[in-house]
Structure formats: structure tokens, C-alpha cells
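**Q** I would like to see how this sequence folds:
(one chain, ligands or ions: 1)
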Amino acid sequence: MTAAESNGNFPGKGAGAPVGVAILGKGTVGTGVLQLLSEFSYNLEQRIGGPIEVRGVAVSNVDKHKDAPEVQGLYLTGDATELIERDDVDVVVEVIGGIDYPRELVLKALRSGKSVVTANKALVAAHGSELADAANEAGVDLYYEAAVAAAIPVVGMLRRSLAGDQVQRISGIVNGTTNFILDAMATTGASYEEALAEATRLGYAEADPTADVEGHDAASKAAILASMGFHTRVTFDDVHCEGITQITADDIAAAKRANQTIKLLAICERLLDENGNTRAVNARVHPTLVPNDHPLATVDKSYNAIFVEAEAAGRLMFYGNGAGGAPTASAVLGDLVGAARNKVHGGRAPAENLYADYPVVGFEEVETRYHINMTVNDRVGVLADLARQFADSDVSLSAVRQEESGDEAHLIVVTHAAQERNLQEIVERLKGHEDVRSVNSVIRLGA
Ligand code: HSE
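**A** Residues are numbered from 1 along each chain as shown. Next up, the predicted model:
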């Protein structure tokens with residue numbers, strides 16, 4: 001099918017025609033979207049080929065928002081469904097958050113022939129296939145650049161810019177709150193609790209920071225990145241997820257001594273067979289010791305960065321604001337221009353293209369390296385015995401460092417790459433060993 005024929009299947013309204021937009025939600029992002037729409041209206045019209053006309057803004061509490069400057073002169077409604085179904089709405093922007101209610105609204109919009117722009121990572125990571133199917137059946141667009149790292153154009157980069165390449169691995173700092181906390185711990189020596197309190201005081205962390213600090217937010221983003229990068233649907237439930245709540249000031253100090261920095265990384269990688277062909281893919285989120293000379297180690301404060309390794313392009317890094325009203329609104333507007341342009345001129349955005357459909361394997365199957373910090377009895381033969389335990393679990397040692405203190409010794413063991421399953425096994429063995437007083441921390445190595 002040629003492009004012209006394809007556009008014929010998805011005809012446009014014609015140059016100069018207005019594009020009706022419904023905005024669902026008026027939190028920080030919705031407000032940012034409305035502000036940018038007003039500020040950039042002339043430029044947006046030039047880029048789209050027709051003006052954007054906001055048909056209405058749906059909110060859960062009309063009274064709360066009716067005096068806000070951004071909605072003056074606009075139709076404000078508590079009935080999102082009625083707004084979506086209006087004939088003069090062409091594109092629906094969903095910036096509500098949550099999963100079940102926005103899913104219902106987004107599906108309704110797509111099935112009514114409206115293109116959708118969403119910033120909702122949890123929704124896309126949980127129900128991406130269902131949404132993509134609905135968009136394909138209706139012949140409309142589904143865009144979600146803002147769902148991953150806000151203004152950093154990483155979804156479009158994977159979907160369009162690297163569409164001709166082979167992405168091998170993606171590792172990224174995709175949660176600003178946890179990066180702020182880990183950076184504050186490293187730069188001030190603060191405890192996790194103190195750094196979290198500071199993140200809350202400055203407005204980075206939510207009143208309930210669970211989704212950030214337990215890694216759930218990053219896991220949704222990892223699922224989307226892996227899906228795009230490997231042309232294979234990876235969902236939130238496929239992503240192994242560990243947060244930062246167990247990281248201590250001692251861990252941070254030990255990392256510094258070893259010229260490493262602890263980062264919460266989302267890692268998406270291919271698993272290769274003996275011929276170098278992809279046999280499966282994996283996505284995970286966990287605290288990781290990153291060597292200080294790796295670009296990700298330098299990403300401080302609440303910044304995000306995504307490091308991509310592609311066969312032909314080589315190593316790429318994308319850095320910037322991964323959250324906040326204006327940066328997220330910037331990404332939403334970029335998508336809105338794409339969706340609106342297609343409504344005016346016809347055609348559709350590049351589809352997700354998840355043709356590869358590799359098996360998505362669990363964490364136990366991947367190879368990682370461990371940095372284990374433990375306290376052991378300081379007596380003859382302990383080190384030799386522990387080394388044998390590692391060998392029995394098929395885990396090879398890379399480095400061992402011991403610091404004595406009275407009748408006990410602090411032991412730092414760094415392993416070579418080994419199957420995560422075997423590494424988990426050795427940690428359980430160590431915990432049960434009569435000469436191991438405590439396993440103080442286990443952190444994986446390598447960006
Ligand atoms: N709470 C997220 C962060 C932003 O701290 O990066 C939204 O995903």
C-alpha cells in the first residue's frame with residue numbers, strides 16, 4: 001500500500017479545518033497543556049495546518065476549577081463521556097492519571113473515532129495492547145510520549161528515529177523522585193528517611209510516595225521502553241521491581257569508596273542464544289551500582305536520563321526533566337500536533353509495530369553481578385568456606401575485601417556475572433551460614 005493510498009484510508013478534514021480537542025483532567029499537567037495551547041496557538045496552527053479548538057475540559061469537581069484562569073471562556077464539565085462523544089471533538093487528551101477510569105474513557109474515545117494523547121504510563125503499561133488494538137480498529141492515533149520521562153523524547157525516538165536500527169539494551173533513570181533522594185543521600189550523607197522528607201518538602205515526592213520509592217512508576221516506564229525497543233509487548237506485570245527503601249547511608253558510603261554511585265535503574269535487555277540471536281527479552285527495575293565514569297552516574301538531582309545501545313547507532317543518551325507540569329505538557333503538545341496534523345491532512349502515526357513478539361522472561365533467567373556486604377565471624381577458614389559456597393552455587397568471585405573489627409569482619413564480595421537465580425541462591429545460603437552474622441546489603445552492579 002502506498003502512502004497516498006494509506007492516507008486515502010484515513011482521510012483528513014482538509015487544510016485549514018479546525019481540530020476539536022477535549023482535555024480530560026486539569027491537574028498540573030492539564031493546566032500546563034492549557035497554558036501552552038493558549039501561548040503557542042499561532043505556531044501550533046502553522047505546524048498543524050489548522051487551528052486547535054478546545055471543546056471542553058473535563059474535571060471531577062467543576063466548582064474547584066471554574067475560576068482558574070486557564071479555563072476562562074472554555075466549557076468546563078464533570079461529564080467526561082459526554083465531552084468525548086461530541087461530534088466536534090477529534091482528539092482527546094487524557095491527563096487524569098490512575099488506571100480503570102481513564103482506561104474506560106480512552107477506550108470510549110478510540111472506539112468513537114477520536115485520536116488519543118495520554119500521559120498515563122500506568123495505563124499504557126497495563127493495557128497497552130487493548131488500547132493499541134482499539135486505535136487500530138478505529139483507524140486513529142494513540143500517542144503517549146509524555147508517559148515516559150516527560151519532555152525527554154524517548155518514546156518517539158524508539159518508535160520513529162531508531163525504527164531502522166536494532167536496539168540492544170536500554171538502561172535509564174526514569175524516576176526523578178528517587179534520583180533526587182539517592183543524590184541527596186550521596187551528596188549530604190543523609191539517611192533515606194531524611195532525604196525522602198526533603199523530597200517531600202520540596203514537592204518532588206507525593207504525599208504517598210509508594211509508587212516512586214517502591215519502583216512502580218519506573219516499572220511502568222520500563223515496560224513501555226522495552227515494548228518499543230524490542231518490538232514486543234512487555235507489561236507492568238512482566239517487570240521485576242525493587243525500590244530504594246532498603247538503601248542505607250552505609251550503602252551509599254561504600255559505593256563512594258568503590259568509585260560507584262547507586263542509581264535506581266530501569267534496565268531492558270535482550271537475552272541472546274549461542275548464535276547471538278535474541279531468544280527472549282527482560283525488563284527490570286532495581287537499585288544498581290553504576291561506575292562513576294558511566295554517563296548515568298552523573299545524572300543528579302531529579303533529572304532523568306535514558307541510555308540506549310543500538311547496533312548501528314551505538315550508544316545514545318537522552319537527558320532532561322522527566323516530570324513536572326510544563327515538561328510533561330511539552331511532550332503532550334508534541335503528540336497533539338502529530339495527532340491533529342493527521343486529522344487535518346489524513347494518515348496515521350507509525351503504529352507500535354510489536355511484530356517480534358519475543359518471549360518475555362523473568363528476572364531469574366538474566367545474568368547480573370552482585371555486590372554483597374556482610375558481617376562474618378573472624379576465624380580461620382571462614383573465607384575459604386564462604387568461597388566454596390559461592391562455587392557450589394556456580395557463582396564466580398571477582399573481588400573480596402575484608403575489614404576486621406574485634407571478633408568479626410566486614411566482608412565485601414563482588415561477583416562476576418552469574419544467573420540471577422544462582423545469585424539469589426547464594427544470598428540465601430549466606431543468610432543461613434553459621435559464620436555469617438548478617439548480610440547487610442546486596443546491590444547489583446553495572447549500568
Ligand atoms: N513521580 C515521577 C517522578 C514523575 O518522580 O519522576 C511521574 O512519572
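
**Q** Please, where are all the strands along the stretch 151-300 of the chain?
**A** Counting by DSSP state E, counting those that start in this stretch, one finds strands in the stretch 151-300 of the chain at the ranges 167-173, 240-241, 260-272, 278-291.

**Q** what packs against the second one?
**A** Put plainly, it is strand 240-241. Strand 240-241 sits against helix 216-230, strand 278-291, with contacts defined as 3 or more Cβ pairs under 8 Å, 6 or more residues apart in numbering; DSSP states H and E. C-betas here are computed from N, CA, C, even on glycine.

**Q** mind checking which of the ones you listed is nearest V344?
**A** helix 216-230 (26.1 Å; Cβ to Cβ).

**Q** So for that closest one, mean pLDDT?
**A** Averaged across helix 216-230, the pLDDT comes to 98.

**Q** just how off-centre is that helix within its chain?
**A** 5 Å (Cα atoms, centre = their mean, to the nearest Å).

**Q** Counting by contacts, list what that helix packs against.
**A** Contact here means 3+ Cβ pairs under 8 Å, 6+ apart; on that basis helix 216-230 packs against helix 121-138, helix 154-156, strand 167-173, strand 240-241, strand 260-272, strand 278-291.

**Q** which residues of the stretch 1-150 of the chain score low on pLDDT?
**A** 1-8 (pLDDT under 70).

**Q** looking at the helices and strands packed on strand 240-241, which is closest to the ligand?
**A** Closest approach to the ligand among the helices and strands packed on strand 240-241 is made by helix 216-230 (4.8 Å; Cβ to the nearest ligand atom).

**Q** Do the closest one and the ligand come into contact?
**A** Yes. Using Cβ under 6 Å from any ligand atom, we find that helix 216-230 touches the ligand at D217.

**Q** buried stuff in that helix?
**A** If you call a residue buried by 16 or more other Cβ atoms under 10 Å, then helix 216-230 has these buried ones: 216-230.

**Q** Then stretch 30-42?
**A** Here stretch 30-42 shows G30, T31, G32, V33, L34, L36, L37 as buried, counting by 16+ other Cβ under 10 Å.

**Q** which bits of this protein sit near the ligand?
**A** For the chain, the residues in contact with the ligand (Cβ under 6 Å from any ligand atom) are N175, G176, T177, D212, D217, G322, A323.

**Q** Contact partners for the third one?
**A** It refers to T177. A199, Y204, A205, E206, P209, D212, V213, D217, S302, A323 (Cβ atoms under 8 Å, 6 or more residues apart in numbering).

**Q** Against D212, how distant is the last one?
**A** From A323 across to D212, the span is 10 Å (Cβ to Cβ, to the nearest Å).

**Q** The two: which has the busier surroundings?
**A** More neighbours surround D212 than the other of A323 and D212, with 26 against 21 (other Cβ atoms under 10 Å).

**Q** Once you drop chain neighbours, what's closest to that one?
**A** Excluding the flanking residues, the one nearest D212 by Cβ to Cβ, 6 or more residues apart in numbering is T177, at 4.0 Å.

**Q** Who are the packing partners of the helix or strand where L383 lies?
**A** For L383, the host element (DSSP states H and E) is helix 382-392. Helix 382-392 is packed against strand 397-405, strand 408-415, helix 420-432, with contacts defined by 3+ Cβ pairs under 8 Å, 6+ apart.

**Q** and it, what's its mean pLDDT?
**A** 95.

**Q** Could you pull out the buried residues of that helix?
**A** Residues V382, L383, L386, Q389, F390 are the ones in helix 382-392 that count as buried (16+ other Cβ under 10 Å).

**Q** which one of those sits closest to I152?
**A** After measuring these against I152 - Cβ to Cβ - the closest member comes out as F390, at 39.6 Å.

**Q** Surely the closest one and E425 touch.
**A** No. Assessed by Cβ atoms under 8 Å, F390 is found out of contact with E425, at 10.2 Å.

**Q** and V57, what does it touch?
**A** Contact analysis of V57 by Cβ under 8 Å, 6+ apart lists A22, I23, L24, K26, G30, L34, H65, V71, L74, Y75, L76, T77.

**Q** try 10 Å this time
**A** 21-26, 30-31, 33-34, 65, 68, 70-71, 74-77, 80, 83, 93 (Cβ atoms under 10 Å, 6 or more residues apart in numbering).

**Q** Could I get the helices and strands packed on strand 240-241 in JSON lines, plus columns for distance to G346?
**A** Formatted as JSON lines, the helices and strands packed on strand 240-241 follow (distance: least, Cβ to Cβ, whole Å):
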{"stretch": "helix 216-230", "distance to G346": "25"}
{"stretch": "strand 278-291", "distance to G346": "35"}
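
**Q** tell me which of the buried residues of stretch 30-42 is nearest to the ligand?
**A** Each of those was checked against the ligand using Cβ to the nearest ligand atom; the closest is G32, at 13.1 Å.

**Q** Quick check: closest non-adjacent residue to that closest one.
**A** Nearest one to G32, counting by Cβ to Cβ, 6+ apart, is A329 at 3.1 Å.

**Q** Low-confidence stretches in the stretch 301-447 of the chain?
**A** In the stretch 301-447 of the chain, no residues with pLDDT under 70.

**Q** Residue of it nearest the ligand, please.
**A** At 3.5 Å from the ligand, A323 is the closest residue in the stretch 301-447 of the chain, using Cβ to the nearest ligand atom.

**Q** May I have the phi/psi pair for that residue?
**A** phi -160, psi 180 (degrees, to the nearest 10).

**Q** again, but for V436
**A** In terms of degrees, to the nearest 10, the main-chain angles of V436 are phi -100, psi 110.

**Q** For burial, what's the neighbour tally of it?
**A** So V436, with other Cβ under 10 Å, has 18 neighbours.

**Q** Repeat that for A119.
**A** Using other Cβ under 10 Å, A119 has 27 neighbouring residues.

**Q** check contacts around R284.
**A** If you count contacts by Cβ under 10 Å, 6+ apart, then R284 has 215, 218-219, 222, 226, 238-242, 265-269, 362-363, 366, 368, 420, 444 around it.

**Q** Revised request: answer the last question for A266.
**A** With contact set as Cβ under 10 Å, 6+ apart, A266 has these partners: 148-149, 170-175, 215, 217-226, 239, 241, 283-286, 288, 304, 306.

**Q** If we use 7 Å, what do you get?
**A** By Cβ atoms under 7 Å, 6 or more residues apart in numbering, the residues touching A266 are G172, V174, A218, K221, A222, L225, V285.

**Q** One more: L162?
**A** A310, A313.

**Q** Repeat that for A326.
**A** G32.
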